[in-house]
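Student: please work out how this folds:
(one chain, ligands or ions: 3)
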Amino acid sequence: MNPSSPEHPPIGPVDATKVPRYAEPTTFARLPRLDEVSRADVTILGVPFDSGVSYRPGARFGPGHIRAASKLLRPYNPALEVSPFARQQVADFGDIGVNPFDITEALTTVHDAVTDLRADGSSVLTLGGDHTIALPILRSLARDHGPIAVLHFDAHLDTWDTYFGAPYTHGTPFRRASEEGLIDLERSQHIGIRGPLYSEQDLEDDRVLGFQVIRSDDYEVDGVASIVERMRRRLDGGPVYVSVDIDVLDPAHAPGTGTPEAGGMTSRELLNTLRGLVGLNVVGADIVEVAPAYDHAEITGIAAAHVAYELLSVLALNR
Ligand SMILES: N=C(N)NCCCC(=O)O
Ligand SMILES: [Zn+2]
Ligand SMILES: [Zn+2]
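Tutor: Ligands and ions are numbered 1, 2, ... in the order given. This next block holds a predicted model:
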């Protein structure tokens, strides 16, 4: 059965006018589990891993928190004029079990899971987990696509070298990815960068590793439309991976995260920037660094759920 054929339309979310939203079981946006459909166009994958963090722990509980905060999402997205769950089959795989005591093994587990899920052509939207997990996902994608443009939303560069001599951490995934030849050095970009660095050299290193920087402050000066234009110019011409560290948002919009930095974007700016990806060749995405222990009133979980919803809408329109 092809779930997206006219005879078999995609299975959508549980109808909130018939079953209360707060009734279990919990999947992202109340969508079916992957084992309830024959195939998914987009698979949601939870990676409960936070052994790469340098400050507050807790992002291992991110996937469950984002799913719990996604129950109020509705089927139609008026901003993009699309029904993301009707134009494509989206299903939730659940979480994979990753070794919290062996980071190298954890990276292999994530790589293999993403590779398996993508084997039938499904796109994978990963819910983290800390930012370390972007590296094995990029390894998997680059095997099929070659060096790929990385669009990275974050307060932090995440192109640092090591922490305590450790190469695989949440502050280093994009340096490793660049060194391994996984990213397109002419088409990658950070958006939302701000806050203190270790030294001025961090920015120079980052440029050599292949990234262009759009700062959080640029939103104040240039506005969303002009940033979307710069983003599209940089990313055009090939596959794009979108990595959203929720700490790109101001702590007022996302308190539930491990390394918060003042002076960040609003959730409205982030959602509107993501909508600017329509028409670009987005081949995968993650949302990382949601740490529910520091969240209040599901603020961060809701923001992350809406980020996922906009990304799914973009994928639906690009289909
Ligand atoms: N990827 C995130 N969220 N943070 C990286 C911060 C690394 C540091 O402690 O300097
Ligand atoms: Zn960050
Ligand atoms: Zn990050």
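Student: hey, let's count contacts and neighbours off CA atoms from now on
Tutor: OK.
Student: just the closest residue of this protein to ligand 1, please.
Tutor: Residue nearest to ligand 1 within the chain (CA to the nearest ligand atom): residue 171, separated by 4.0 Å.
Student: list the contacts for the nearest residue to that residue once chain neighbours are set aside?
Tutor: Closest residue to residue 171 apart from its sequence neighbours, by CA to CA, 6 or more residues apart in numbering: residue 158 at 4.2 Å. Residues near residue 158 by CA atoms under 8 Å, 6 or more residues apart in numbering: 170-175.
Student: tell me the residues of the chain that contact ligand 2?
Tutor: Proximity of the chain to ligand 2 (CA under 5 Å from the ion) is limited to residues 154-156.
Student: where does the prediction get shaky in this structure?
Tutor: Scanning the chain for pLDDT under 70 picks out 1-4.
Student: switch the cut-off to 90
Tutor: For the chain, applying pLDDT under 90 flags the ranges 1-8, 24.
Student: show me where it has its strands.
Tutor: Assigned by DSSP state E, the chain shows strands spanning 42-47, 90-95, 123-128, 149-153, 188-193, 211-215, 239-245, 281-288.
Student: tabulate the ones you listed (JSON lines), appending mean neighbour count and distance to residue 30.
Tutor: Output for the strands of the chain, formatted as JSON lines (neighbours: other CA atoms under 10 Å; distance: least, CA to CA, whole Å):
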{"stretch": "strand 42-47", "mean neighbour count": "26", "distance to residue 30": "12"}
{"stretch": "strand 90-95", "mean neighbour count": "24", "distance to residue 30": "9"}
{"stretch": "strand 123-128", "mean neighbour count": "26", "distance to residue 30": "15"}
{"stretch": "strand 149-153", "mean neighbour count": "26", "distance to residue 30": "26"}
{"stretch": "strand 188-193", "mean neighbour count": "25", "distance to residue 30": "30"}
{"stretch": "strand 211-215", "mean neighbour count": "20", "distance to residue 30": "35"}
{"stretch": "strand 239-245", "mean neighbour count": "24", "distance to residue 30": "22"}
{"stretch": "strand 281-288", "mean neighbour count": "24", "distance to residue 30": "18"}
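Student: which residue sits closest to the residue nearest the centre of the chain, ignoring its sequence neighbours?
Tutor: Computing the C-alpha centroid of the chain and ranking residues by CA atoms, centre = their mean puts residue 286 first, at 2.1 Å. Closest residue to residue 286 apart from its sequence neighbours, by CA to CA, 6+ apart: residue 126 at 4.5 Å.
Student: what's the answer for residue 175, then?
Tutor: In this structure, residue 175 finds its nearest non-sequential neighbour in residue 159, 4.3 Å apart by CA to CA, 6+ apart.
Student: can you tell me which residues contact residue 59?
Tutor: Applying CA under 8 Å, 6+ apart to residue 59 gives the contacts 48-50, 128-130, 257-258, 288-292.
Student: ok, the closest residue to it other than its chain neighbours - how many residues close by?
Tutor: Closest residue to residue 59 in three dimensions, ignoring its sequence neighbours and counting by CA to CA, 6+ apart: residue 291, at 4.1 Å. Residue 291: 30 surrounding residues under other CA atoms under 10 Å.
Student: okay, the residues of the chain next to ligand 2 in a markdown table with neighbour count and distance to ligand 1 next?
Tutor: Below are those laid out as a markdown table (neighbours: other CA atoms under 10 Å; distance: CA to the nearest ligand atom, whole Å):
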| residue | neighbour count | distance to ligand 1 |
| --- | --- | --- |
| 154 | 26 | 7 |
| 155 | 28 | 7 |
| 156 | 24 | 6 |
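Student: residue 172 touches residue 161, doesn't it?
Tutor: Yes - using CA atoms under 8 Å, residue 172 is in contact with residue 161, at 5.8 Å.
Student: with neighbour numbers in mind, choose between the two.
Tutor: Higher neighbour count among residue 172 and residue 161: residue 172, with 23 against 18, using other CA under 10 Å.
Student: where does that one fall, phi/psi-wise?
Tutor: Phi and psi for residue 172, reported as degrees, to the nearest 10, are phi -130, psi 0.
Student: now do the contacts for it.
Tutor: By CA under 8 Å, 6+ apart, the contact list for residue 172 reads 132, 158-162.
Student: cutoff 7 Å now
Tutor: 158-162 (CA atoms under 7 Å, 6 or more residues apart in numbering).
Student: quick revisit: how far away is the residue nearest to residue 59 from residue 258?
Tutor: 6 Å (CA to CA, to the nearest Å).
Student: what of residue 223?
Tutor: Note on residue 223: its distance to residue 258, by CA to CA, is 27 Å.
Student: likewise for residue 271?
Tutor: Distance from residue 271 to residue 258, by CA to CA: 21 Å.
Student: repeat that for residue 156.
Tutor: Residue 156 sits at a distance of 12 Å from residue 258 (criterion: CA to CA).
Student: residue 130 now?
Tutor: 9 Å.
Student: do residue 210 as well
Tutor: From residue 210 over to residue 258 (counting by CA to CA), the distance is 26 Å.
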